[in-house]
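Visitor: Sequence and computational prediction follow.
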Amino acid sequence: MAKIITMPTTPNFVRSNFRLFRAIGQTASPFTGKQLTQEFDAVFWQSEVTLPPLNRTQAVEWQSFLMQLKGTTNHFKFADPDALTNTGTFSTTHLIAENRVSNTNVSLTVTNTNTITANASTFANAIVGDFIHITGMTNEENNGTHKITAKDGTNPTTKVTVDSTLVNEGATSGCKVQMNVKGATGLNLKTSGSNSGTIKKGDYLGVLGAASATANPVQLVMAVEDATQTSGSPNQYAVQTEPKLRSTLSTGHFVIFQNPKGLFRLQENTVDWSADRTSLYGISFSCIEVV
């Protein structure tokens, strides 16, 4: 069983490289050159970091941390070193996942290339700005994550308009319309009480594995557009995120806004450091998000 080792907090890194890896399959026709791509489940952050020159007192803290990780065995909480503070103004530590739409067996029809009609009151609790994730439709363009831009004035519980360009499709049974599920690229959240504020494009969010601010992170995601907020108590938010969720986020689980982190491990089993004749140490290491 992997342990979570606490990473020293000082000094901060002087150089970092932070990137996102996606597993994408690609084929190209030798006759037409037309390309097809397929995104697979493997998606995770990677990083290489370098500490400033350390005296021995500082170095032993980092050496001890690296030794306790036991190569790739144990884990630690980590985030983009150059974006530890979000630019949004949300007023408390976390938000709470809220699955306002969850129908796992519904017939859907697509008309006007962006209007979705259900044969049941699927969208009763949906809010304009929410992200729904659809699976089971015949045309692949109609599946995936879509942002609700309007609810029908006559049939608001069964008919919505989305921001995606879809393919018109007759009634297709056995579809799923859900939120915060594996594969989704949008989070639907609420606050505790009347807390409010902004979540801005480029802010990181830490998806946790339980309804507790001290729960372990399961994924680190980034907001790729400013969040949509509705008024009320609790306030409700919807925010487009990348990468896609690797696992379903249960209602009530926390999403960290202040000082969000993911769970990482070393990328290699070997750790090393250098030192000069004045006993100043140089330490760098590479890490990868735990999947």
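Guide: Looks like it came in fine. Remember, it's a predicted structure, so these values are computed and weren't measured experimentally.
Visitor: Distance-wise, check residue 132 relative to residue 224.
Guide: 17 Å (Cβ to Cβ, to the nearest Å). Where C-beta positions appear, they are placed from N, C-alpha and C, glycine not excepted.
Visitor: Please identify which of these two sits among more neighbours.
Guide: residue 132 (28 against 15; other Cβ atoms under 10 Å).
Visitor: Against residue 41, how distant is the more buried one?
Guide: 21 Å.
Visitor: and the residue minimising distance to the centre of the chain, what are its bridge partners?
Guide: Closest residue to the average C-alpha location of the chain: residue 221 at 2.9 Å, with Cα atoms, centre = their mean. Residue 221 has these beta-bridge partners by DSSP bridges: residue 205.
Visitor: how near is it to residue 53?
Guide: Taken as Cβ to Cβ, the span from residue 221 to residue 53 is 34 Å.
Visitor: Equivalent analysis for residue 166, please.
Guide: Counting by Cβ to Cβ - residue 166 and residue 53 are separated by 56 Å.
Visitor: Who has more neighbours out of the two?
Guide: residue 166 (21 against 17).
Visitor: That one: what secondary structure?
Guide: coil (DSSP: H, G, I helix; E, B strand; the rest coil).
Visitor: Am I right that it is in contact with residue 110?
Guide: Yes - the pair residue 166 / residue 110 is scored as a contact, 4.9 Å apart, by Cβ atoms under 8 Å.
Visitor: Where in this structure is the helix or strand with the lowest mean pLDDT?
Guide: For the chain, counting by mean pLDDT, DSSP states H and E, strand 228-230 ranks last in confidence among helices and strands (a mean of 88).
Visitor: Pull the residues that contact that one.
Guide: 127, 128, 129, 130, 196, 198, 235, 236, 237, 238, 239 (Cβ atoms under 8 Å, 6 or more residues apart in numbering).
Visitor: Across the sheet, point out what pairs with residue 17.
Guide: Beta-bridge partners for residue 17, by DSSP bridges, are residue 48.
Visitor: tell me the contacts of it?
Guide: 47, 48, 49.
Visitor: Please apply the same query to residue 66.
Guide: 266, 271, 283, 285.
Visitor: what secondary structure does the last one sit in?
Guide: Meaning residue 285. strand.
Visitor: Model confidence at it, what's the number?
Guide: pLDDT, residue 285: 98.
Visitor: how many neighbours does it have?
Guide: 21.
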